[in-house]
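Asks: Build me a model:
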Amino acid sequence: MIARLIGLHRCGKSTLFNLLSGREKTSGKFGEKRLTVCKIADPRVTQLAEAYSSKKTTFAEIEIEELPELSSRMLPDIKDANALIVPIRLFDDPITREKPSPERDIREIDTELILNDVKAIETRLGTIDRYIKKGAPKQEREELESEKALLARLEALLESGVPVRQIPLDKKEMQTIKNYSFASGIPVLYLLNHDDDHKEIARTLADKLSSLAGTDTLPMNVKLELELASLPEDERRELIDEFELEPVGVDRLIKKVYNLLGLISFLTAGEREARAWTIRTGTDALHSAGTIHKDMQKGFIRAEVISFNELASVNFDTNLAKKKGMLRLEGKDYIVKDGDVIFFRFNV
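Replies: The predicted structure follows:
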């Protein structure tokens, strides 16, 4: 799973990447892709490590890749992304001298993605018509006609400026378009990158932009966040208190991206290691076991499950949790929840 960072010229994209990657300055050549791995800060893992005297602590991670300035040649990389992070400029720029207009920039980005999707639909519709004219078997023809009707509906909405992510689709329709990798259907986090002069308007504008884009919009002073992140903790706290700053925090941003990717964490703990394991929302216990090791999945018997909060409420005493009926035995079809602490039973 990978999130890609895209944006228009001088929106603060590289500064945001430096914040996410823990760098104070831009590295790499202009126009190159840059990749970083971000840890998901999770105090639950730290607490488990302390409770079980774990020798090792391992946090969940996600990959974030910065792409060069948005253009048609970047669309294959964009379509291959599982989520997009898009900084939008809300600060005066002495080089462009163009007043910031987040609404305009979001429309420009969505238009680029939408045009790509319309082109893909037109190509597929032509292919469908050729198959039908050749005399496809009845069942196949009915499926093609159904797909054609859906694509025609999507095309009309796209041409009116509605991205795929804002179009209501049922499960069957979602399955039909699954392999199209529509660029405008990729989950997006718009980051309203503001300076001090635009701080107040950024807060009120964020809700408006969320409605316009049909996705979450987070206001953030990226330059300030990067400066704060480079300071020792005591100096950072002193500055925040003195100037009444309200930093979003890079950990919160990364967690938002993690959620946008449709990911959750289940937890394991023991003397050897306390760890957060990454799975997709909706993953069952059997496949969650396979995340740790394929042998666990093959020899799966049962999963002992307790929520982190329940385990913490008994001071991480599993025996007490059993007596209180908090520790549950679940089968392979159990849908794992975020924060589940799991002890797998399996045969090798």
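Asks: switch to C-alpha atoms for all contacts and neighbour counts from now on
Replies: Will do.
Asks: Show me how this structure divides into domains.
Replies: For the chain, automatic domain parsing gives the domain ranges 2-41+60-101+186-260, 105-185, 282-346.
Asks: Out of the ones you listed, flag the one nearest Tyr52.
Replies: Ranking the domains of the chain by proximity to Tyr52 (Cα to Cα) places domain 282-346 first, at 8.2 Å.
Asks: just how off-centre is that closest one within its chain?
Replies: Distance of domain 282-346 from its chain centroid, counting by Cα atoms, centre = their mean, to the nearest Å, is 25 Å.
Asks: which parts of stretch 137-149 are buried?
Replies: Arg141, Leu144, Glu147, Lys148 (16 or more other Cα atoms under 10 Å).
Asks: Could you find the closest non-adjacent residue to the second one?
Replies: In this case it means Leu144. Ile128 (6.4 Å; Cα to Cα, 6 or more residues apart in numbering).
Asks: Next, the buried residues of the helix or strand that that neighbour is a member of.
Replies: For Ile128, the element it lies in under DSSP states H and E is helix 102-133. Neighbour counts over helix 102-133 (16+ other Cα under 10 Å) mark 102, 105-106, 109-118, 120-121, 124-125, 128, 132 as buried.
Asks: repeat for stretch 31-40
Replies: Quick answer for stretch 31-40 (16+ other Cα under 10 Å): Arg34, Leu35, Cys38, Lys39, Ile40.
Asks: To Ser54, which of the domains of the chain lies closest?
Replies: Closest of these to Ser54 is domain 282-346, at 13.1 Å (criterion: Cα to Cα).
Asks: so how far is Glu147 from the residue nearest to Leu144?
Replies: Going from Ile128 to Glu147 by Cα to Cα, to the nearest Å gives 9 Å.
Asks: And Thr127, by the same measure?
Replies: Counting by Cα to Cα - Thr127 and Glu147 are separated by 12 Å.
Asks: what ranges do the strands span in the stretch 201-348 of the chain?
Replies: 216-220, 263-269, 273-280, 300-307, 328-330, 340-346 (DSSP state E, counting those that start in this stretch).
Asks: Including mean neighbour count, mean pLDDT and distance to Pro137, could those go into a markdown table?
Replies: What follows is these, written out as a markdown table (neighbours: other Cα atoms under 10 Å; pLDDT from 0 to 100; distance: least, Cα to Cα, whole Å):
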| stretch | mean neighbour count | mean pLDDT | distance to Pro137 |
| --- | --- | --- | --- |
| strand 216-220 | 22 | 91 | 44 |
| strand 263-269 | 22 | 98 | 41 |
| strand 273-280 | 22 | 98 | 38 |
| strand 300-307 | 20 | 98 | 44 |
| strand 328-330 | 16 | 97 | 46 |
| strand 340-346 | 20 | 97 | 48 |
